[in-house]
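# Any chance you could fold what I've pasted below:
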Amino acid sequence: MDKTKRNMYGMLCGVAGIIFNIMLFAGKLFAGTISGAISITADAFNNLSDAGSSLITLVGFKMASQQADEKHPYGHARIEYVATLAVSAIILIMGFELFRDSVGKILNPSQIEFSPIIIWILMGSIAVKCIMAVYNFYFGKKIDSSTLDAAGKDSLSDCLATSVVLISTLVAHYKGIQLDGVCGVLVSAFIFYSGISAAKEAIDPLLGEKPEPEFLQKMISEAEGFNENILGIHDVMVHDYGPGHRIISFHAEVPADKDMVAMHDIIDNLERKLEKDLECVATIHMDPIAINDNEVQKLKCDMIDIVVDIDKRITIHDFRVVKGDTHTNLIFEVLVPYKFDMPKEQLTELIEKKTKDKLGEQYFTVVEVDRDNYIHII
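Modelled structure (predicted):
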């Protein structure tokens, strides 16, 4: 999606959130004042915090739309994640305040005044928050925004929270059972869950989470299906600088006996296709491999057997053979899973020993272990 249109949708949702939440705050504050219910008043201030969150959303999208500059060459899109963190912090603070006041209400209960207007205000609030949850989730998915997704979760938790407040008000009036404080605690639990969930949505991409499987699968399918001379890819890295600002890089294996200028042209065309289809910046390193040399292929198969014997999850790539008068170097990289416990030095020594045992003392291995830095796709 066009970045300008994306930011426009985000800012419109922010403006709508500010207007709706201020209206709800005013209505619930009035209802809480005339009834004396701590849960209604707390729910009102929860809506006021939501208005502040919507303001942060608005400002976040506005700042994220700024162009790259000298100090920020990759743009400002990550501000959206920071805005999500700010929203979650406000949610958690309000949850704590509500919990504290609700516990006090449990310890010192008081009579709640009942009025039909209070019921209508609470029912209207639930309806408005349901509408807000729907449009936040819809546009959050449409523009892939963690901030709007967090706002949608907050609106949904508000629907549940206000429903609890409504039930406690009705129970207090018709049954004489004072559940105001207990319901306030339940509302605070909803708010805490919403805040923690929203924070996680922002922290994961800031820390560098693995991209979603759909993105990886599309990238792999397009790369490996682009041209018959692309034999495979590995060493995939994806850097996320905010929605719509991704940089990807990987190694592509090509036949070593082909015209390298022609191969380079194929790689250039693939980079442009990925940039268009995945909305990213793509950089591809070309790895020539010998596919028509029977001796090299046999040695590669022998090395695959050796590493699989160590651990079935290990794979190899970038296999090359350099022959000398006294010895032969087998140069390759091994890919190990994240939870592979063997140290790199021990693994390379073990591969060296098994190679000499199987192929002879004249064979030496030059091994680079890929672990932790790359996305494992094999």
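
# Show me the shaky parts of the stretch 251-378 of the chain.
Within the stretch 251-378 of the chain, the segments meeting pLDDT under 70 span 371-378.

# if we go to 50?
Residues of the stretch 251-378 of the chain meeting the criterion pLDDT under 50: 372-373, 377-378.

# Please, where are all the strands along it?
Residue ranges of the strands in the stretch 251-378 of the chain, as given by DSSP state E, counting those that start in this stretch, are 280-289, 315-323, 328-335, 363-370.

# Most remote residue from the middle of the protein, which is it?
Distance from the C-alpha centroid of the chain, by CA atoms, centre = their mean, peaks at Asp325 (52.9 Å).

# Now do the buried residues in stretch 281-297.
Going by neighbour count (16 or more other CB atoms under 10 Å), the buried part of stretch 281-297 is 281-282, 284, 287, 289-290, 296. C-beta here means a position set from N, CA and C on the backbone, and glycine is covered the same way.

# ok, residues contacting it?
Contact partners of stretch 281-297, identified using CB atoms under 8 Å, 6 or more residues apart in numbering, comprise 223, 231, 235, 246-257, 260, 263-264, 267, 270-271, 274-275, 317-321.

# ok, now stretch 184-196?
By CB under 8 Å, 6+ apart, the list of residues contacting stretch 184-196 from outside reads 38-39, 42-43, 46, 88-89, 91-92, 94-96, 98-99, 101-103, 105-106, 153-154, 156-158, 160-161, 164-165.

# Can you say which of those residues are buried?
The neighbour count (16+ other CB under 10 Å) marks 38-39, 42-43, 46, 88, 91-92, 94-95, 98-99, 101-102, 105, 153-154, 156-158, 160-161, 164-165 as buried among these.

# mind listing which of these are in helices?
Helix and strand membership here follows DSSP state H; of those, those in helices are 38-39, 42-43, 46, 88, 91-92, 94-95, 98-99, 101-102, 105, 153-154, 156-158, 160-161, 164-165.

# Give me the nearest residue to Lys323, chain neighbours excluded.
Across the structure, with CB to CB, 6 or more residues apart in numbering as the measure, the residue nearest Lys323 apart from its sequence neighbours is Asn329 (8.0 Å).

# Quick check, pLDDT for the nearest residue to Leu29 once chain neighbours are set aside.
Nearest residue to Leu29, sequence neighbours excluded (CB to CB, 6+ apart): Ala44, at 4.2 Å. The pLDDT attached to Ala44 in the predicted structure is 81.

# isn't Asp101 right next to Ala42, touching?
Yes. Counting by CB atoms under 8 Å, a contact exists between Asp101 and Ala42, whose distance comes to 5.9 Å.

# Regarding Glu228, what is its secondary structure?
Under the three-state scheme (DSSP: H, G, I helix; E, B strand; the rest coil), Glu228 adopts coil.

# And it, how close does it get to Ile284?
If you measure Glu228 against Ile284 using CB to CB, to the nearest Å, the figure is 16 Å.

# where do the helices sit along the stretch 101-250 of the chain?
With DSSP state H, counting those that start in this stretch applied, the stretch 101-250 of the chain shows helices at 116-142, 146-175, 180-207, 213-224, listed in chain order.

# Return the list of helices and strands in contact with the shortest one.
When contacts are defined as 3 or more CB pairs under 8 Å, 6 or more residues apart in numbering; DSSP states H and E, helix 213-224 sits against strand 232-240, strand 246-255, helix 260-278.
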